[in-house]
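Q: Test case, fold it:
(one chain, ligands or ions: 1)
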Amino acid sequence: MDQVLNYGKHWIDKDDISEILKVLNSDFITQGPCIANFESAMADYLGAQYAVAVANGTAALHLAVKALNLEQGMEGITSPITFVASSNCFLYNGLKPVFADIEKNTYCIDPIQIERRLSSKTAVIVPVHFAGQPCEMDQISSLALKNRISIIEDAAHAIGSRYKNGKKVGSCYCSQMTIFSFHPVKTIATGEGGLITTNTQKIYEKLLQIRNHGITKDQSKFNLLPSMSEPGPWYYEMQELGFNYRMTDIQAALGMSQLKKIDSFIKRRRQIVDAYNNAFVDFDWLTTPYEAENVFSAFHLYVLKIDFEKINKSRTQVMQELRSKGVGTQVHYIPVHLQPYYRKHFGYQIGDYPQSEHYYQQCLSIPLYPKMTDKDVMRVIQAVSGILT
Ligand SMILES: Cc1ncc(COP(=O)(O)O)c(C=O)c1O
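A: Reported below is the predicted structural model:
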């Protein structure tokens, strides 16, 4: 049998490899010129003023929340239907994670549910642009403005997506920061890798500093010992507690090369989505992804909602059946509030977020990535169509 198709996969070609080799043969394999070049190309592509490249999307979330200088004990709100990193960033920063249920159609966080969960302690909202679909940012930002709450958009799934107003996700038109991930299943890959965009200079400078141990080499910011009249050329200061969350030049060169192909990657993703949507349109036992009017999704995932009761098969049976036909699948996601850690430490339980829990019972992601051939796409369509036979 042909290799099993994964639900997502990177596409590295000979141009990418040649860019990586250039770095490997150069003087710097990390902290060289590629990182600033990649940051500036990403900022241009996304329409933001500043971009900071980091080790991965989780580090991006950690730093983004830290850059807001929030008081310990405050609360952050995100969606239960996301990867655990979207809410773990609150825990890293001493905030309490609070969830707001998802919308029925888009599977993104529901602004009405956010409003229900607001408290005097709410300090930040992390809307996740699930599967590539942008959240209702106008409504979320008006809530945030009214209540003096910051927004960090989790756009790990949404590089290249556009809001209703045509602006790109990542332009931060209504948020303090947006984060991205370049994990191999994402739209572009750097192995591990992440990025934060912002339009605020102060946040940008803070991010640069905490990405690198909290160290600055900027003389104008030095806090010199009284005995030191002038800093020497070796001198640097650690002014706050930071991390080593730097991206390497090897990764940045790969990111730069991948960025050149991003629009063709997204085009191919959307072609495959159209093929799936057309093939499954008449199946009354499944629901295909919904793209809200006037938005543009870069489609990181293709999530089917399957009525397993109606077809009298369990999800495990369906996954095994599809796998036997060379089609890998995955569940995105187990609701975060139901993870043992969250249940134990915050008392969350079944029934807290009904829409998310109902979605979780039915969701199944099928393969979607630009390197899929038409034959691969046909294989998936035939395998899914065969579930009922
Ligand atoms: C929505 C979301 N946010 C954040 C992350 C974390 O990104 P990374 O794996 O690069 O740390 C992921 C990764 O899958 C994700 O899906």
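
Q: Nearest the middle, which residue of this structure would you pick?
A: Ala156 (1.3 Å; CA atoms, centre = their mean).

Q: Could you find the closest non-adjacent residue to that one?
A: Ser181 (3.9 Å; CB to CB, 6 or more residues apart in numbering). No exception for glycine: its C-beta is placed from N, CA and C like everyone else's.

Q: isn't that neighbour right up against Ile196?
A: No: in this structure Ser181 lies outside contact range of Ile196 using CB atoms under 8 Å: 11.0 Å.

Q: Can you name the residues bridging to the residue nearest to Ala156?
A: Gly194 (DSSP bridges).

Q: heads up, I number from 409, so please use that
A: Fine by me, first position is 409 from now on; the one you just mentioned is Ser589.

Q: Which pLDDT value goes with it?
A: You'll see Ser589 listed with a pLDDT of 98.

Q: State the distance from it to the ligand.
A: Distance, Ser589 to the ligand, by CB to the nearest ligand atom, to the nearest Å: 3 Å.

Q: got a list of what that residue touches?
A: Asn464, Gly465, Thr466, Ala468, Ala564, Gly601, Gly602 (CB atoms under 8 Å, 6 or more residues apart in numbering).

Q: Arrange those in JSON lines, one row each, with secondary structure, distance to Ile517 and pLDDT as further columns.
A: Below are the contacts of Ser589 laid out as JSON lines (DSSP: H, G, I helix; E, B strand; the rest coil; distance: CB to CB, whole Å; pLDDT from 0 to 100):
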{"residue": "Asn464", "secondary structure": "coil", "distance to Ile517": "22", "pLDDT": "98"}
{"residue": "Gly465", "secondary structure": "helix", "distance to Ile517": "17", "pLDDT": "98"}
{"residue": "Thr466", "secondary structure": "helix", "distance to Ile517": "19", "pLDDT": "98"}
{"residue": "Ala468", "secondary structure": "helix", "distance to Ile517": "19", "pLDDT": "98"}
{"residue": "Ala564", "secondary structure": "coil", "distance to Ile517": "14", "pLDDT": "98"}
{"residue": "Gly601", "secondary structure": "coil", "distance to Ile517": "25", "pLDDT": "98"}
{"residue": "Gly602", "secondary structure": "strand", "distance to Ile517": "21", "pLDDT": "98"}
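
Q: from those, which is closest to Gln763?
A: Of all those, Gln763 sits closest to Ala564, with 21.2 Å by CB to CB.

Q: which residues in the chain form helices?
A: Counting by DSSP state H, the chain has helices at residues 422-432, 442-454, 465-475, 493-500, 519-525, 545-554, 609-619, 657-667, 670-688, 716-719, 723-732, 748-754, 762-770, 782-793.

Q: ranking those by burial, who's on top?
A: Comparing the helices of the chain on average neighbours per residue, with mean count of other CB atoms under 10 Å, the densest one is helix 465-475 at a mean of 27.

Q: got the CA positions of that one in CSV?
A: In CSV, the C-alpha atoms belonging to helix 465-475 read as follows (Å, rounded to 0.1, in the frame of the first residue of the first chain):
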residue,chain,number,x,y,z
GLY,A,465,4.7,29.0,18.9
THR,A,466,4.5,28.1,22.6
ALA,A,467,7.4,30.4,23.3
ALA,A,468,5.7,33.1,21.3
LEU,A,469,2.6,32.8,23.5
HIS,A,470,4.7,32.7,26.7
LEU,A,471,6.6,35.9,25.7
ALA,A,472,3.5,37.7,24.4
VAL,A,473,1.6,37.3,27.7
LYS,A,474,4.8,38.2,29.7
ALA,A,475,5.2,41.4,27.5
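
Q: Which other helices and strands does it contact?
A: Helix 465-475 makes packing contacts with strand 458-462, helix 493-500, strand 558-562, strand 585-589, strand 602-606, helix 609-619 when contacts are defined by 3 or more CB pairs under 8 Å, 6 or more residues apart in numbering; DSSP states H and E.

Q: In CSV: these, plus distance to Ile742.
A: Output for the helices and strands packed on helix 465-475, formatted as CSV (distance: least, CB to CB, whole Å):
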stretch, distance to Ile742
strand 458-462, 26
helix 493-500, 13
strand 558-562, 17
strand 585-589, 18
strand 602-606, 22
helix 609-619, 30
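
Q: For the residue nearest to Tyr684 when sequence neighbours are not counted, give its distance to Tyr453.
A: Excluding the flanking residues, the one nearest Tyr684 by CB to CB, 6+ apart is Tyr710, at 5.9 Å. Using CB to CB, to the nearest Å, we find Tyr710 at a distance of 24 Å from Tyr453.

Q: With His591 instead?
A: 18 Å.

Q: With Leu796 instead?
A: The value you get for Leu796 to Tyr453, if CB to CB is used, is 43 Å.

Q: Low-confidence regions, the stretch 559-708 of the chain specifically.
A: By pLDDT under 70, the stretch 559-708 of the chain contains no weakly predicted segment.

Q: Can you pull the residues of it lying near the ligand?
A: By CB under 6 Å from any ligand atom, the residues of the stretch 559-708 of the chain that approach the ligand are Asp562, Ala564, His565, Ser589, His591, Gly602.

Q: what does the stretch 409-558 of the chain give?
A: Checking the stretch 409-558 of the chain against the ligand by CB under 6 Å from any ligand atom, the hits are Asn464, Gly465, Thr466, Thr490, Phe491, Ala493, Ser494, Val536.

Q: just those now: which is nearest Glu638?
A: Of all those, Asn464 has the smallest distance to Glu638: 38.9 Å, by CB to CB.

Q: Give me the pLDDT value at Thr797.
A: Each residue has a pLDDT score; the one for Thr797 is 76.

Q: dump the residue contacts of it.
A: No contacts exist for Thr797 under CB under 8 Å, 6+ apart.

Q: gap between it and Lys733?
A: Thr797 is 12 Å from Lys733, by CB to CB.

Q: before we move on, what about Arg525?
A: 42 Å.

Q: One more: Ala597?
A: In this structure, Ala597 and Lys733 are 27 Å apart, going by CB to CB.

Q: Between those two, which is the more surrounded one?
A: The neighbour comparison of Ala597 against Lys733 (other CB atoms under 10 Å) goes to Ala597, with 23 against 17.
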